[in-house]
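Chemist: I'd like to go over a predicted model; first the sequence, then the structure.
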Amino acid sequence: MRRTLAHAVALLIAVAASVDAHAQPTEFILDESDPNADPWSVAEVPAPGTDVATLAEARRLIAENRPARAKDLLDDWIERNETTGSPHLAEAYLLRGDALLADHREYQALYDYETVIKDYPASNEFITAVSREYDIGAAYLGGLKRKLFGFRIERSYIVGEELLIRAQERVPGSELAERSAITLADYYYEKRDLELAQEMYAIFVANFPDSVHRRRAALRQIFCAIARFKGPDYDASTLIDARLLILDYRARYPGEAQAAGITEALLNRIDESAAQQMLRTAQWYLKQGNEPSARFTMLRLLRKHPASTASRTAVDIMEERGWLEPEPNHADTES
C-alpha cells in the first residue's frame, strides 16, 4: 500500500529529464496531433535560478525517487517566498506534499495539501490536492497505519473517513466525489456498520443517480435495512425502509431483482417479521395491563398484515377477549 501511494505520485508528476547532475532539466511535451511527426518535443527550458527552474528541479528529484532532497529544496524556496504572494506557491506546496508522500510520510503531506485546498482554491493544483487526499484516505480505510515513532502502528480509519467526506464536500458532483462516496459506503458495509452504510448508500444514490455503481448501492441499501432489524422485540422501522427500497428496486431493475433474490417471497418474509414485531408489542401492552393499546395494535396488525401467521395469533387473542367487531346484521341494516 505504501509503495502504491509513492509510485502513484511519481507517475502523476510531470517528469523532468537531465543530462547530468549539474545540467538544467529538460522538459518534453507529448503531442500526437500529427501522426507523421515525432510526438515528443522539447518544451521551453526555464532559465537557471528562476522559480520555475527550482520547481522543475523538485519535480525531477521526486521522479528520480529522491524525495528528501526535493523536500529540502522546496523548504528553502517556500521559506523565502511564502509571504511574497508568488504565483508558484500553490505548486510548491503541492510538490512538497508529493515529496513527503513519496517518502512514505503521507500524514505530514496532508498539511501541505490542506494549504493548497484552503488557501488556493482557484489554482490548478486544487483538484490535484483533493485527489491526493482521497488516495491517502482510501489507503487508511484499506488498512494503512500511520507512523508513530517511525513505525506504522497507529490505525487511521477516522482520518480516512474524514478525508473522503471532505473530498465529497470540496468537489461535489465530480467523478472524485463519486469515488469518495462509494468507497466510504463500501468501507462501512464491509466493517458491518450497517446504519452508516445504509445512510452513505442513500446519499450516493441521491447524488449520483446515473452512476455505474447505483444498482449495487441500491441493492446494498436493501441488505443493510433488512440486516439492521434485530428481531420482533425491537423497532421495525428498518423493515419499512426495506420494503420501500425493495419496491423501488424491483420497479427499476426487474431482471436483476429476480437474480438477486429481491422477490415477492422476500417481501412476504419482511411483512411477516413486521407483523411479529407488532404482535410482540401488543402482547407487551397486555402484560402491562394496557388493554386499549393492545387492542388498537392488534387491529392495526390485522389491517396491515392480514395474511401473516402473527395476524392469526392476534385473531385468537381478540376472540378470546371479545375484542373482534361483530359482523353487521343485514336485517337490522335493512330496517
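Modeler: Perfect, thanks for sending it. Numbers count the residues shown, from 1 in each chain.

Chemist: what's near enough to touch residue 274?
Modeler: 236, 239, 240, 243, 304, 305 (Cβ atoms under 8 Å, 6 or more residues apart in numbering). C-beta: built from backbone N, CA, C; applies to glycine.

Chemist: ok, 7 Å please
Modeler: When the contact criterion is Cβ atoms under 7 Å, 6 or more residues apart in numbering, the partners of residue 274 are 236, 239, 305.

Chemist: where are the low-confidence patches of the chain?
Modeler: Along the chain, the parts satisfying pLDDT under 70 run over 1-35, 37-45, 149, 325-335.

Chemist: In it, where's the longest helix?
Modeler: Ordering each helix of the chain by length in residues (DSSP state H) puts helix 264-287 first.

Chemist: Go through that one and flag the buried ones.
Modeler: Within helix 264-287, the residues that count as buried by 16 or more other Cβ atoms under 10 Å are 266, 270-283, 285-286.

Chemist: For the helix or strand following it, name the packing helices and strands.
Modeler: Using DSSP states H and E, the helix or strand that follows helix 264-287 in sequence is helix 291-304. Here helix 291-304 touches helix 264-287, helix 309-321, going by 3 or more Cβ pairs under 7 Å, 6 or more residues apart in numbering; DSSP states H and E.

Chemist: Reformat these into a markdown table and put distance to residue 147 next to each item.
Modeler: Shown next, in a markdown table, are the helices and strands packed on helix 291-304 (distance: least, Cβ to Cβ, whole Å):
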| stretch | distance to residue 147 |
| --- | --- |
| helix 264-287 | 47 |
| helix 309-321 | 56 |
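
Chemist: Figure out which of the ones you listed is closest to residue 54.
Modeler: Residue 54 lies closest to helix 264-287 among these, at 63.6 Å (Cβ to Cβ).

Chemist: got the angle for the closest one vs helix 309-321?
Modeler: Here helix 264-287 runs at an angle of 30 degrees relative to helix 309-321 (axes from the mean of the first three to the mean of the last three Cα atoms, to 10 degrees).

Chemist: now helix 264-287, how far from the centre of its chain.
Modeler: Taking the mean of its C-alpha atoms, helix 264-287 sits 34 Å from the chain's own mean (Cα atoms, centre = their mean, to the nearest Å).

Chemist: same thing with stretch 114-132?
Modeler: Offset of stretch 114-132 from its chain centre (Cα atoms, centre = their mean): 20 Å.

Chemist: Also stretch 190-203?
Modeler: 9 Å.

Chemist: contact partners of it?
Modeler: 181, 184, 185, 188, 189, 217, 220, 221, 224, 225, 227, 228.

Chemist: make it 6 Å
Modeler: 184, 185, 188, 189, 217, 220, 221, 224, 225, 227, 228 (Cβ atoms under 6 Å, 6 or more residues apart in numbering).

Chemist: again, but for stretch 69-85
Modeler: By Cβ under 6 Å, 6+ apart, stretch 69-85 touches 54, 58, 61, 62, 92, 95, 96, 99.

Chemist: Give me the neighbour count for the third one.
Modeler: Residue 61 is surrounded by 24 other residues when neighbours are defined as other Cβ atoms under 10 Å.

Chemist: Just give the nearest non-adjacent residue to it, would you?
Modeler: The spatial neighbour of residue 61 that comes closest, neighbours along the chain excluded (Cβ to Cβ, 6 or more residues apart in numbering), is residue 70 at 3.7 Å.

Chemist: So which bits of the strand or helix carrying the one you found are buried?
Modeler: Element membership of residue 70 [criterion: DSSP H and E] is helix 67-81. Residues of helix 67-81 classed as buried by neighbour count (16+ other Cβ under 10 Å): 67, 70, 71, 73, 74, 77, 78.
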